[in-house]
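Peer 1: here's my sequence, what's the structure:
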Amino acid sequence: MGNEASNTLREILDQSGEYLRWLKEEGVGQIEVSRRIGASRQQGVLTMKTLPDGKRVQTAGRMSVKKTVSAELATEPAGSKPRSVPEIAAEIAGCKRCVLCRTRTKTVPGQGNLSPEILFVGEAPGADEDQQGLAFVGAAGQLLTRMILAMGLQRDEVFIANILKCRPPGNRVPTPEEMETCLPYLQEQIRCLQPKVIVALGATAVRGLLHSETGITKLRGTWQEFQGIPVMPTFHPAYLLRNPPAKREAWDDLQAVLHKVGRTPPPVKPVKA
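Peer 2: Residues are numbered from 1 along each chain as shown. Next up, the predicted model:
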């Protein structure tokens, strides 16, 4: 084996050892890796790294390994009974699947009607949400409440959640690895809630649910699908606070959502911030 290959293998082993030590610290005593996962094509597990001298070598991506493990942990046994939304929330409260558990104040599983026609999905908790453990309670949440009222609904008639259940430090955009790690919780919630329509609020919600890199400006207002459920991408309330003229387009999207669930949009104009 050449020196370059030996160095690459050593780097892979070092990173794997570091990750396994982290898992041990977090209380994970055993990891089972199925042949199905081992044989499947995991993009990003091996990546190319450019050295200072211009040479390119193959190296292991630590976060991709995390993503594979989290996917395996989230797999439900065949024929198992689906958990309730409160049971899922209880697990989220003690979740340590990613480093965000070290900086959060409270987890934010989401809240609302457990049999909703409409599920609103945002990006991640902010500072207010992190303190209260509730989704969309800050300035953007207040605008979302007024949007829901303008639809002729009450907040307790819908369910509101996020792609991430913990606040990223400084309200930064969630990383792809964080979204992949946390998404199984939302997927399980959706299976329990069985909403007629999902409203994806903003670009991050679209990327998390639909794995689409198309900009929200182009994608909004066009029906998509997540696990057989219609999805309406629209602007995040925080964006609407910064760009009030976009409220007209967001209101058009919400009217389309009402039509999809068989409701007649009320004859009112969208409320102002």
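Peer 1: list of residues touching stretch 217-236?
Peer 2: 122-123, 140, 187, 190, 195-206, 209-210, 212, 216, 243, 246, 249-250, 252-254, 256-257, 260 (Cβ atoms under 8 Å, 6 or more residues apart in numbering). From N, CA and C alone the C-beta is placed, and that goes for glycine too.
Peer 1: and stretch 132-151, by the same measure?
Peer 2: Under Cβ under 8 Å, 6+ apart, the answer for stretch 132-151 is 106-108, 110-111, 120, 122, 125-129, 154-155, 157-158, 160-162, 201, 236-238, 240-241, 250-251, 254, 257-258, 263, 265-266, 268-271, 273.
Peer 1: can you confirm residue 225 is in a strand?
Peer 2: Yes - applying DSSP: H, G, I helix; E, B strand; the rest coil, one finds residue 225 inside a strand.
Peer 1: okay, stretch 199-208 in CSV with CA atoms only?
Peer 2: Provided in CSV are the C-alpha atoms of stretch 199-208 (Å, rounded to 0.1, in the frame of the first residue of the first chain):
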residue,chain,number,x,y,z
VAL,A,199,-47.4,24.4,4.0
ALA,A,200,-43.6,24.6,3.7
LEU,A,201,-42.6,28.0,5.1
GLY,A,202,-39.4,29.2,3.4
ALA,A,203,-36.4,27.8,1.6
THR,A,204,-35.1,25.6,4.4
ALA,A,205,-38.4,23.9,5.0
VAL,A,206,-38.5,23.2,1.2
ARG,A,207,-35.0,21.7,1.2
GLY,A,208,-35.7,19.6,4.2
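Peer 1: contacts for that stretch?
Peer 2: 118-124, 144, 162-163, 173-174, 176, 179, 183, 186, 209-210, 212-216, 219, 224, 231-239, 253-254, 257.
Peer 1: report the buried members of these.
Peer 2: 118-124, 144, 162-163, 174, 179, 183, 186, 209-210, 212, 216, 219, 224, 231-239, 253-254, 257 (16 or more other Cβ atoms under 10 Å).
Peer 1: tell me which of those residues fall in strands.
Peer 2: Among those, the residues falling in strands (DSSP state E) are 118-122, 162, 224, 231-234.
Peer 1: any chance of the residues you listed in CSV with distance to residue 148 as columns?
Peer 2: Output for these, formatted as CSV (distance: Cβ to Cβ, whole Å):
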residue, distance to residue 148
118, 8
119, 12
120, 8
121, 14
122, 13
162, 16
224, 21
231, 17
232, 14
233, 17
234, 13
